[in-house]
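Novice: Make a model of this:
(one chain, ligands or ions: 1)
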Amino acid sequence: MRLLITGGAGFIGSNFVRYMLKNHPNYEIVVLDKLTYAGRIENLQEILDIIEFIRGDICNEEDVKKAMKDIDVIINFAAESHVDRSIDTPEPFIKTDVFGTFKLLEACRKYGVEKYVQISTDEVYGSIIKGSFKETDPLDPSSPYSASKAGADLLCKAYYKTYGLPVLITRSSNNYGPFQYPEKLIPVLIIKALHNQFLPIYGDGTNVRDWLYVEDNCSAIDIVLQKGKSGEIYNVGANDEWRNIDVAKLILKELNKPESLITFVEDRPGHDYRYSLDTAKIRDLGWRPRVKFEDGIRKTVRWYVENRWWWEPIT
Ligand SMILES: NC(=O)c1ccc[n+]([C@@H]2O[C@H](COP(=O)([O-])OP(=O)(O)OC[C@H]3O[C@@H](n4cnc5c(N)ncnc54)[C@H](O)[C@@H]3O)[C@@H](O)[C@H]2O)c1
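Specialist: Next up, the predicted model:
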């Protein structure tokens with residue numbers, strides 16, 4: 001099996017490459033990544049000699065053509081992924097997340113693949129006060145980021161219906177773990193705490209997220225790849241919901257720092273209050289999350305403490 005992992009130098013993509021090398025040593029892996037600010041070759045450094053790495057853009061037909069040689073499966077992680085950046089500058093989000101997905105789907109149509117897996121997000125459903133979203137619920141994105149991801153999901157569904165392309169979609173909740181770029185909540189909080197700086201929390205800190213350890217997401221994507229049905233969407237979440245303020249407190253406790261470091265800052269416009277997923281469908285495929293949030297935070301804090309070489313140059 002020869003896999004093309006687009007966006008494989010980013011946070012989840014690079015963890016997924018490592019996960020697949022460990023669990024499917026017979027697979028050949030090609031990574032196509034533009035190496036934007038968020039994609040870093042350092043994320044793959046210890047495995048670069050056993051994968052094929054191509055620096056290129058999913059929006060560029062020639063780059064995609066080069067990467068597609070003899071490919072059986074595409075897993076598309078490539079995206080602009082930071083909500084705050086999408087509010088400041090939406091254009092790259094529309095380009096990569098929507099147009100880039102379109103170019104990959106077109107390449108699948110042209111060259112043929114056994115499967116195409118689109119990595120999407122719970123943010124496409126929007127916010128929910130009570131209960132959880134099912135895969136069949138309508139899309140109601142709030143930010144340019146989540147709207148561009150929703151657009152990509154709809155294109156994927158259309159390519160399945162119109163051309164019979166074997167497309168599968170995973171929609172996961174918030175990931176955390178090693179190699180996450182220090183602009184996302186958890187690495188920001190850990191690094192600020194390590195520097196004894198104020199930990200910025202949006203609004204009153206009561207926004208709720210369901211936190212998924214990145215390795216659990218990798219195993220979910222693998223199960224969808226092995227057992228999922230074409231044309232289907234799979235929600236992936238740990239059902240481990242935490243308020244942002246409690247996430248900050250847990251990190252401070254882990255690092256033996258005072259809660260007085262927490263400071264509240266002006267809320268993000270259109271800030272979704274709560275995300276929550278019904279994950280019965282992927283659990284029916286046999287998937288279970290293995291890492292509880294308290295344990296995952298301990299591992300993640302330790303990783304940032306032990307890997308200053310990775311984050312110091314970019315903070
Ligand atoms: N991080 C999360 O909590 C989360 C949750 C749900 C879904 N997702 C989705 O998972 C995927 C990966 O997220 P992440 O957190 O690892 O993101 P990331 O920002 O860390 O990585 C994105 C990667 O895509 C690459 N890239 C960007 N534009 C590209 C282009 N035009 N061509 C080729 N490569 C390009 C970047 O260089 C980077 O390596 C995204 O599609 C995101 O929407 C993320």
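Novice: and residue 79, how far is that from residue 19?
Specialist: 19 Å (Cβ to Cβ, to the nearest Å). Glycine gets a C-beta too; all of them are placed from N, C-alpha and C.
Novice: and those two? which has more neighbours close in?
Specialist: Legend: neighbour count by other Cβ atoms under 10 Å for residue 79 and residue 19, higher for residue 79 (29 against 18).
Novice: Need the phi and psi values for the spatially closest residue to that one that is not a sequence neighbour.
Specialist: The shortest distance from residue 79 to any non-neighbouring residue, by Cβ to Cβ, 6 or more residues apart in numbering, is to residue 97 (4.9 Å). In terms of degrees, to the nearest 10, the main-chain angles of residue 97 are phi -70, psi -40.
Novice: ditto for the one 4 residues further on
Specialist: Note on residue 101: its backbone torsions stand at phi -60, psi -40 [degrees, to the nearest 10].
Novice: ok now do it, which residues does it touch?
Specialist: The neighbours of residue 101, taking Cβ atoms under 8 Å, 6 or more residues apart in numbering as the test, are 58, 76, 118, 152, 155-156.
Novice: Can you tell me the number of residues neighbouring residue 211?
Specialist: For residue 211, the count of nearby residues is 25 (other Cβ under 10 Å).
Novice: can you pull the contacts of it?
Specialist: If you count contacts by Cβ under 8 Å, 6+ apart, residue 211 has them with 173-176, 238, 240-242, 247, 293, 296.
Novice: The stretch 201-315 of the chain: helices as residue ranges?
Specialist: Ranges of helices within the stretch 201-315 of the chain are 214-227, 244-254, 280-284, 293-306, 308-311, based on DSSP state H, counting those that start in this stretch.
Novice: pLDDT at the nearest residue to residue 304 once chain neighbours are set aside, what is it?
Specialist: Across the structure, with Cβ to Cβ, 6+ apart as the measure, the residue nearest residue 304 apart from its sequence neighbours is residue 190 (4.7 Å). With respect to pLDDT, residue 190 scores 98.
Novice: Distance check, residue 190 against residue 45.
Specialist: Using Cβ to Cβ, we find residue 190 at a distance of 21 Å from residue 45.
Novice: These two: which has the busier surroundings?
Specialist: residue 190 (26 against 11).
Novice: How far does whatever helix or strand that one lives in sit from its chain's centre?
Specialist: According to DSSP states H and E, residue 190 maps onto helix 185-194. Its chain's C-alpha centre lies 19 Å from the corresponding centre of helix 185-194 when counted by Cα atoms, centre = their mean, to the nearest Å.
Novice: Remind me what that helix packs against, helices and strands.
Specialist: Under the contact criterion of 3 or more Cβ pairs under 8 Å, 6 or more residues apart in numbering; DSSP states H and E, the helices and strands touching helix 185-194 comprise strand 199-202, helix 244-254, helix 293-306.
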